[in-house]
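*Asks:* all I have is the shape, not the residue letters:
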Ligand SMILES: [Zn+2]
């Protein structure tokens, strides 16, 4: 067998110069023009091959970007975390509208107004220690899937902004002490970004939200009571100095106009409906939390409505109209 195989190899090798001679003689017999055409054809085929390989290579990272975007969809109902937020018309999340197969469905979306674009608050951003916040869960401790629509919970700092930030930046091992907000609005109206919106800030332990869908609360830690944190965006207003450090008061001098303006500006960028904007006092189960004290909700909503308006979004033709 081995011998026979070797013989075949040798005879193939012997034939090779004959093949080359035959090809050369074909070329020799060909007119130069026909030869040039063949060379051109071979060149074009090679070029096409290279272009195909290049496009294939370029597609690879593009797909990765797309898959990253689809992950982002799980938290895009929360507020933007960028210092300068990009204003876009967002489609309402599918989970908000249990939709029958209807191609001409009209969705409602909030869009920001001209008055909104005229208002430009100052920004700051501080890093919160990772012990004071966590991930947003997709299942609870029993493994049940979670799809709560976002709520916004309003607070007050009960002390200066700097003492609040100092607390959030300090590592806390004790789970019952860990705390954080997503944002604080200072007395001057500066928007202070803290925990990124896609993360779960620890703003309200042992809490429930009572909305049109009934009672909503989520348990993500077996050693802590259920809370709204998994689907909440926590915003806190800096308490006026006359109430700093005072625990047993039921009112104070209230918040500045700049605070109402910046709070409305921040929330106007979300798709969270008015009836899902609540307070720590309203969600607290133990009834001990009373913040934000002296909050003028009609003043706030009036400002919010001047910064964002409902628009209808028609799925059938992608038209946005008033
Ligand atoms: Zn609070």
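*Replies:* Yep, it's here. The model shown is predicted, which means the values in this text are computed figures rather than measured ones.
*Asks:* in the stretch 101-250 of the chain, what residue lies closest to the ion?
*Replies:* Going by C-beta to the ion, the ion is nearest to residue 155 of the stretch 101-250 of the chain, at 3.4 Å. C-beta here means a position set from N, CA and C on the backbone, and glycine is covered the same way.
*Asks:* and that residue, what element?
*Replies:* Using DSSP states H and E, residue 155 falls within strand 151-156.
*Asks:* the next helix or strand after that strand: which residues count as buried?
*Replies:* Scanning forward in sequence from strand 151-156 by DSSP H and E, the next helix or strand is helix 161-169. By 16 or more other C-beta atoms under 10 Å, the buried positions in helix 161-169 come out as 161, 164-165, 167-168.
*Asks:* the helix or strand just after helix 161-169 packs against which elements?
*Replies:* Next along the chain after helix 161-169, taking DSSP H and E as the criterion, comes strand 183-185. On a contact count with 3 or more C-beta pairs under 8 Å, 6 or more residues apart in numbering; DSSP states H and E, strand 183-185 meets helix 161-169, strand 191-193, strand 232-237, helix 257-268.
*Asks:* deepest in the core, which of the ones you listed is it.
*Replies:* Across the helices and strands packed on strand 183-185, averaging neighbours per residue (mean count of other C-beta atoms under 10 Å) puts strand 232-237 on top, at a mean of 26.
*Asks:* got the contact list for that strand?
*Replies:* Strand 232-237 is contacted by residues 78-79, 150-157, 164, 180-185, 195, 197, 201, 203-204, 209, 255, 259, 263, 266-267, 270, 272, 291-292, 295 when judged by C-beta atoms under 8 Å, 6 or more residues apart in numbering.
*Asks:* now check it, is it near the ion?
*Replies:* No - Strand 232-237 does not reach the ion (C-beta under 5 Å from the ion); its nearest approach is 6.7 Å.
*Asks:* partner strands of that strand and their direction?
*Replies:* Applying DSSP bridges to the sheet, strand 232-237 is found paired with strand 151-156 (parallel), strand 183-185 (parallel).
*Asks:* find the closest residue to the ion in the stretch 201-322 of the chain.
*Replies:* Relative to the ion, the nearest point of the stretch 201-322 of the chain is residue 280 (3.3 Å; C-beta to the ion).
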